[in-house]
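Novice: need the 3D shape of this:
(2 chains)
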Amino acid sequence: MSILEENKAAILADIAAMIEEVIGEDWVQETPITMETSFVADLEVESIELVALSEKIQARYGEAVDFPSWLSGMELEEIIALTVGQLVDYIAACQSSR
Amino acid sequence: MPVESIAGVRLHVQALGQPRRGTVILVHGMTTSLASFYFTIAPTLATEYRVIMYDLRGHGRSEATPSGYGIRSMAGDLAAIADRHASTGPLAIVGHSFGAVVGLRFVLDHPQRVRKLVFAEGPLPVFIEDEDDPATRDGIDADEVAESILAVQAHAVAHLPAATQEVLRGTGRRTRRVRSRTSALMKDTTLLTDLAHDQDIADAEIARCACPVLLCYGTRTLPAMEATRQRLAGLLPEVTMRMFDCGHLMLNEVPLAFGAAVGDFLRDG
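Specialist: Numbering: from 1, shown residues only, chains lettered A, B, ... in the order given. Next up, the predicted model:
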């Protein structure tokens, strides 16, 4: 794996752990969270849970990653189609542009 | 953080941005949460203002108190939030749907506190009496309030693409949880009877509103909202009107256009 790929794998592991904490239901742990996992269709995440996820992302990655601003630039259809992989890619891009 | 005890009620509060030009408090509508702002207009506003969002009692991560869901009580919660988080400097309020009504009540109760109000897609009275139903001719009852809430929810998504509606209606965990929370709010609290008794603001009071108001409505909104828009446009002393190509869910359908209008209105003057 390249350094970038290793970094993304680490971010994915972080995000997956945060999602499990936020959602806190057993069935999520039985469903592996991958880059292709959709927040709405697969995880059935509520928007208020995304706020809790946003807090965790800020605590972990700091000001460099602005999750609310990133989502606020999206259309409703884009948010509905949002995958964990898109979030991982966004965080990796924020880190590499610092 | 971020659940705080405010005036004896545990309320979920989130803040974004720095108070370069003052504070803006955002008040969400019934059966939603502060998330409706957090991922839409709040980040852009936060580049200029300290943005405070909170979940109304009984909503999101705030405490579901047994009672206290009428307009005056909800405006009291807003006043307590303002005391805690915006005690100094210029303050503006942005409310959507029922949150707009709560914002207007707060502005009327505290005319010195607020410099501007954005009233988006608000219904006033909050619920419409059915003139044909003898049981409600002398006032709205709790069943009618419940029916109205469900009717607004159904109307709000009816014009969206079929695939979007399907996702929003859903059948999974998210939809079940939202439904069970809404149902608990209606059955386990006095929300319905509170609103049946405190759901309007008198014309004479509205006509005394001291601050400039931006009225924002969707061209595809419900008739009750359209009636409110006309009523307020005729009563408010200093009013600006903006229409958007959307239904009741203005924050989700046209977040960029609505956010820009709010930014312009708060910046002017």
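
Novice: for chain A, which helix is longest?
Specialist: Secondary structure of chain A read by DSSP state H shows that its longest helix is helix A:3-23.

Novice: from the chain's centroid, how far away is that one?
Specialist: Put simply, helix A:3-23 sits 8 Å off its chain's centre (CA atoms, centre = their mean, to the nearest Å).

Novice: ok, stretch B:165-172 next?
Specialist: Worked out by CA atoms, centre = their mean, stretch B:165-172 lies 23 Å from the chain centre.

Novice: please see if that stretch touches chain A.
Specialist: Yes: applying CB under 8 Å from any CB of the partner chain, one finds stretch B:165-172 touching chain A at B:167, B:170, B:172. Bear in mind the C-beta positions are built from the backbone N, C-alpha and C, glycine included.

Novice: equivalent analysis for stretch B:59-77, please.
Specialist: Yes: for stretch B:59-77, a contact with chain A is found by CB under 8 Å from any CB, at B:60-61.

Novice: list the buried residues for that stretch?
Specialist: B:59-65, B:68-71, B:73-77 (16 or more other CB atoms under 10 Å in any protein chain shown).

Novice: residues of the stretch 151-269 of chain B that sit close to chain A?
Specialist: So the stretch 151-269 of chain B meets chain A at B:160-161, B:164, B:167, B:170, B:172-175, B:177-178, B:252-253, B:255, B:259 (CB under 8 Å from any CB).

Novice: quick check: the residue of the stretch 1-150 of chain B nearest chain A.
Specialist: B:Ala35 (3.6 Å; CB to the nearest CB).

Novice: neighbours of the nearest residue to that residue once chain neighbours are set aside, how many?
Specialist: Closest residue to B:Ala35 apart from its sequence neighbours, by CB to CB, 6 or more residues apart in numbering or on different chains: A:Ser47 at 3.6 Å. By other CB atoms under 10 Å in any protein chain shown, 22 other residues sit near A:Ser47.

Novice: hmm, A:Ser47 is touching B:Leu34, no?
Specialist: No: using CB atoms under 8 Å as the test, A:Ser47 is too far from B:Leu34 to be in contact (9.2 Å).

Novice: thinking again about what came up before, out of the buried residues of stretch B:59-77, which sit inside helices?
Specialist: Mapping the buried residues of stretch B:59-77 onto helices (DSSP H) picks out B:71, B:73-77.

Novice: using JSON lines, lay out those together with pLDDT.
Specialist: What follows is those, written out as JSON lines (pLDDT from 0 to 100):
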{"residue": "B:Ile71", "pLDDT": "96"}
{"residue": "B:Ser73", "pLDDT": "96"}
{"residue": "B:Met74", "pLDDT": "97"}
{"residue": "B:Ala75", "pLDDT": "98"}
{"residue": "B:Gly76", "pLDDT": "97"}
{"residue": "B:Asp77", "pLDDT": "97"}
